[in-house]
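> Sequence and predicted model, in that order:
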Amino acid sequence: MDLIGAPLPAGIAVATNAWGSRRERYVVDDELWGRSTLAALHMNDTLVAASQHAAEILGAATPAGARFGVAAEFLHLVSASLGQVMEQWQQSQTDGNAGHQS
């Protein structure tokens, strides 16, 4: 459960028992944000491909084809931006951890 008592989705947090206690502690995986963002990127890329394919099938001259084309462009831009953010995040983590190593 989270702080308000709602159950956490499976795989988000792991319950661990504190030694000598019946109390459970929930630990959130350090890599959760990166993995979920990469999954979102993969899904966006899939949606880009599907939107481009739909635009080709329907034809750019049709209203529906044009809408799919615009959607593909938008999703491609979102994916590119999110990819850049992930690279910046990974670099900041590498830079930040370099000073903590002995």
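Looks like it arrived, so ask away. Numbering: from 1, shown residues only.
> Show me where this protein has its helices.
32-58, 63-98 (DSSP state H).
> Can you say which of those is nearest to R25?
helix 32-58 (16.3 Å; Cβ to Cβ). Where C-beta positions appear, they are placed from N, C-alpha and C, glycine not excepted.
> Just want the angle from that closest one to helix 63-98.
160 degrees (axes from the mean of the first three to the mean of the last three Cα atoms, to 10 degrees).
> Could I get the helices of the chain in JSON lines, plus columns for distance to R25 and mean neighbour count?
Formatted as JSON lines, the helices of the chain follow (distance: least, Cβ to Cβ, whole Å; neighbours: other Cβ atoms under 10 Å):
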{"stretch": "helix 32-58", "distance to R25": "16", "mean neighbour count": "14"}
{"stretch": "helix 63-98", "distance to R25": "24", "mean neighbour count": "13"}
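> Dump these to a markdown table, plus mean pLDDT and distance to R23.
Below are the helices of the chain laid out as a markdown table (pLDDT from 0 to 100; distance: least, Cβ to Cβ, whole Å):
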| stretch | mean pLDDT | distance to R23 |
| --- | --- | --- |
| helix 32-58 | 94 | 23 |
| helix 63-98 | 92 | 31 |
